[in-house]
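Colleague: What follows is a predicted protein model with its sequence.
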Number of protein chains: 2
Amino acid sequence: MGTRERRQREVAEREDLFLDAALELIRQDGLLNLQMSRIAEKSEYAVGTLYLHFASKEDLLLALVTRVFREYIELVKLAQAWKASSRDRMFAVGVADMMFVRRYPDYFRIAQYSVCEVAWQAASSERRKAFLDANDPLVEIVAGIVEDARRVGDLEAAGQTAQEMAIGVWALCNGYHNLSHAEGILADFSVHDPYLLMCRHLQGLLDGFRWKPISDVADAAALDALIERVCREVFNEECNETQGS
Amino acid sequence: MGTRERRQREVAEREDLFLDAALELIRQDGLLNLQMSRIAEKSEYAVGTLYLHFASKEDLLLALVTRVFREYIELVKLAQAWKASSRDRMFAVGVADMMFVRRYPDYFRIAQYSVCEVAWQAASSERRKAFLDANDPLVEIVAGIVEDARRVGDLEAAGQTAQEMAIGVWALCNGYHNLSHAEGILADFSVHDPYLLMCRHLQGLLDGFRWKPISDVADAAALDALIERVCREVFNEECNETQGS
DNA sequence: CGCGCACTCTGAATTAGATTCAAAGTTGGG
DNA sequence: CCCAACTTTGAATCTAATTCAGAGTGCGCG
């Protein structure tokens, strides 16, 4: 009876094992040098077995992206559930992005690649669907904060749906990820910390939505303090802007 | 004397020829099916000759992206030079993005791929530098509009440089390009026209910057009218939101 | 006008690495 | 203990990018 189930569990565990190995190899040698045979070797399985799980290399990468993305969703849920004003909770979503990138510095590069037409098409349709399904909650959670804000009177409808507002926030953050991770693009403009800029502009966008309480654009110290507070209260983490020595 | 120069010209023309062929092939068969040998064949040259120009396939793609990007810069310059309020000119930059995507529907996908770590690393360093150099003016031009706005009193400094504001606008637009072009991501949220949403949120961001005159968030008709006006006055083009039949 | 050098172009051969699949191994029920 | 069904294996296959030895070209000089 249980035989079939045990097997299924074992297979699922093996899938995780492959993904762990892939992530480690990427960290070690970079995405460019990732080879299917190395992943197999590192996991102590044959290449053929790897291909029982993943239709292609890109399929494996999209699986990895989807798995890690679920952890990101958890961070965003923390932001949503935070006991704070709707505006601060919305802002915390941006900080979640920042924390997440710090935790998985490679994630965005892999995601960027996996979502490109070239890689996307090479993934199996099941894997693509799984990724899109993993994405759905994001907009819903963020839209939930928007709806709370409206309910409480912090925000007027202003001719757009909660989802549309959520997408705006998503686009802004996504754009910052993109620019930050594309080698050298921001370097030319001596942007010290792109994610601090992202936070500032997220505040700008929320002000533009007339989301109360409106922030004081010029008060950099207040912004720093808020970021600190979010890190502490929502994510139980320190978040010095300057990391290493 | 002129022999050397003629040769140089011929070589440059050939490079364009290759890029034209590549673009056409991409339009025809998609980026995924682009093959170096096909590009060579279509241009009536040997593969080896192609490789005299481009260090790799990715190098060629980045060259293509850089070439097309320069046309985009021209659109943004039109926005900058427009005889209108600073605020409208800034907004026109967003509309330029929209027009550009309409003109080169494939551009963003190719760019997205070329800028990914995997492809980026495979391009030659000269090509990378050329791309970054082509990017520089963008922020400068947009920052120029910001500076004009400050000069005229439409905008307070508010603790950020003109460049930083320009990067915010860039990030928002870039994020929208990304989300729009990643297959299916926005489809799940029944977003009719992502670029209309982009325009609305660009207005939001500019409002957040306290850029005068502040827009009326709820007035959808006014936004449509403004987009129409920009299309007509700046780009001499129609811009019905709904394209085909 | 013909020669030979220096430069350019060619495309068949090489290569790297993803992917496949025939054969070997395993499992569990009878 | 055997066998059929299911798993796993990794050497062989395949694809397409990339290379490079040799053929071709054009130009200046005797």
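Modeller: Received it, and whenever you're ready, just let me know what you need.
Colleague: Every contact and neighbour count from this point should use C-alpha atoms.
Modeller: Fine.
Colleague: buried stuff in stretch A:221-240?
Modeller: Buried residues in stretch A:221-240, defined by neighbour count with 16 or more other Cα atoms under 10 Å in any protein chain shown: A:223, A:224, A:226, A:227, A:228, A:229, A:230, A:231, A:234, A:235, A:239.
Colleague: likewise stretch A:93-108?
Modeller: Going by neighbour count (16+ other Cα under 10 Å), the buried part of stretch A:93-108 is A:93, A:94, A:95, A:96, A:97, A:98, A:99, A:100, A:101, A:106, A:107, A:108.
Colleague: The nearest residue to residue A:46 once chain neighbours are set aside: which element?
Modeller: With Cα to Cα, 6 or more residues apart in numbering or on different chains as the criterion, residue A:46 has its nearest non-adjacent residue at 5.6 Å, and that residue is residue A:40. Using DSSP states H and E, residue A:40 maps to helix A:36-43.
Colleague: Check which helices and strands that helix is in contact with.
Modeller: helix A:2-29, helix A:47-53 (3 or more Cα pairs under 8 Å, 6 or more residues apart in numbering or on different chains; DSSP states H and E).
Colleague: Now do the least confident helix or strand in chain A by mean pLDDT: distance to the chain's middle.
Modeller: Every helix and strand in chain A was compared by mean pLDDT, DSSP states H and E; the lowest is helix A:2-29, with a mean of 88. Shown here is helix A:2-29, whose average C-alpha point lies 22 Å from the average C-alpha point of the whole chain (Cα atoms, centre = their mean, to the nearest Å).
Colleague: So what angle separates the directions of that helix and helix A:36-43?
Modeller: Helix A:2-29 runs at 110 degrees relative to helix A:36-43, counting by axes from the mean of the first three to the mean of the last three Cα atoms, to 10 degrees.
Colleague: which residues touch the residue nearest to residue A:46?
Modeller: Taking Cα atoms under 8 Å, 6 or more residues apart in numbering or on different chains, we find residue A:40 in contact with A:18, A:46, A:47, A:49, A:50.
Colleague: again with residue A:195
Modeller: With Cα under 8 Å, 6+ apart, residue A:195 has these contacts: A:98, A:176.
Colleague: how close does it get to residue A:162?
Modeller: From residue A:195 across to residue A:162, the span is 24 Å (Cα to Cα, to the nearest Å).
Colleague: Name the residue closest to the centre of chain A, please.
Modeller: Nearest residue to the geometric centre of chain A (Cα atoms, centre = their mean): residue A:72, 4.8 Å.
Colleague: Could you find the closest non-adjacent residue to it?
Modeller: Nearest residue to residue A:72 in three dimensions, chain neighbours excluded: residue A:100, at 6.4 Å (Cα to Cα, 6+ apart).
Colleague: Please tell me how far that neighbour sits from residue A:120.
Modeller: With distances taken as Cα to Cα, residue A:100 is found 23 Å from residue A:120.
Colleague: Now do the residue nearest to residue A:46 against DNA strand D, distance only.
Modeller: Counting by Cα to the nearest atom of the strand, to the nearest Å, the gap between residue A:40 and DNA strand D amounts to 8 Å.
Colleague: picking up where we left off before, mind listing what's buried in the least confident helix or strand of chain A?
Modeller: A:14, A:15, A:17, A:18, A:19, A:20, A:21, A:22, A:23, A:25, A:26.
Colleague: Check stretch A:61-72 too.
Modeller: A:61, A:62, A:63, A:64, A:65, A:66, A:67, A:69, A:70, A:72.
Colleague: same question, stretch A:173-189
Modeller: For stretch A:173-189, by 16+ other Cα under 10 Å, it's A:173-183, A:185-186.
Colleague: which two in those are spaced the farthest apart?
Modeller: A:173 and A:183 (17.4 Å; Cα to Cα).
Colleague: Is it correct that residue A:220 is in contact with residue B:159?
Modeller: Yes. Counting by Cα atoms under 8 Å, residue A:220 touches residue B:159, with 7.4 Å between them.
Colleague: neighbour count winner among the two?
Modeller: Per other Cα atoms under 10 Å in any protein chain shown, whichever of residue A:220 and residue B:159 has more neighbours is residue A:220, with 14 against 11.
Colleague: quick one, what contacts that one?
Modeller: Residue A:220 neighbours (Cα under 8 Å, 6+ apart): residue B:159.
Colleague: how does chain A divide into domains?
Modeller: A:1-53, A:65-235 (automatic domain parsing).
Colleague: Export these as CSV, with columns for distance to residue B:135.
Modeller: Below are the domains of chain A laid out as CSV (distance: least, Cα to Cα, whole Å):
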stretch, distance to residue B:135
domain A:1-53, 24
domain A:65-235, 8
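Colleague: Nearest approach to DNA strand C belongs to which of these?
Modeller: Among those, domain A:1-53 comes nearest to DNA strand C, with 3.6 Å by Cα to the nearest atom of the strand.
Colleague: ok, and does that closest one reach over to DNA strand C?
Modeller: Yes. Domain A:1-53 reaches DNA strand C (Cα under 7 Å from any atom of the strand) through A:1, A:3, A:33, A:34, A:35, A:36, A:37, A:47, A:48, A:51.
Colleague: who's in contact with the residue nearest to the centre of chain A?
Modeller: Residues near residue A:72 by Cα under 8 Å, 6+ apart: A:96, A:97, A:100.
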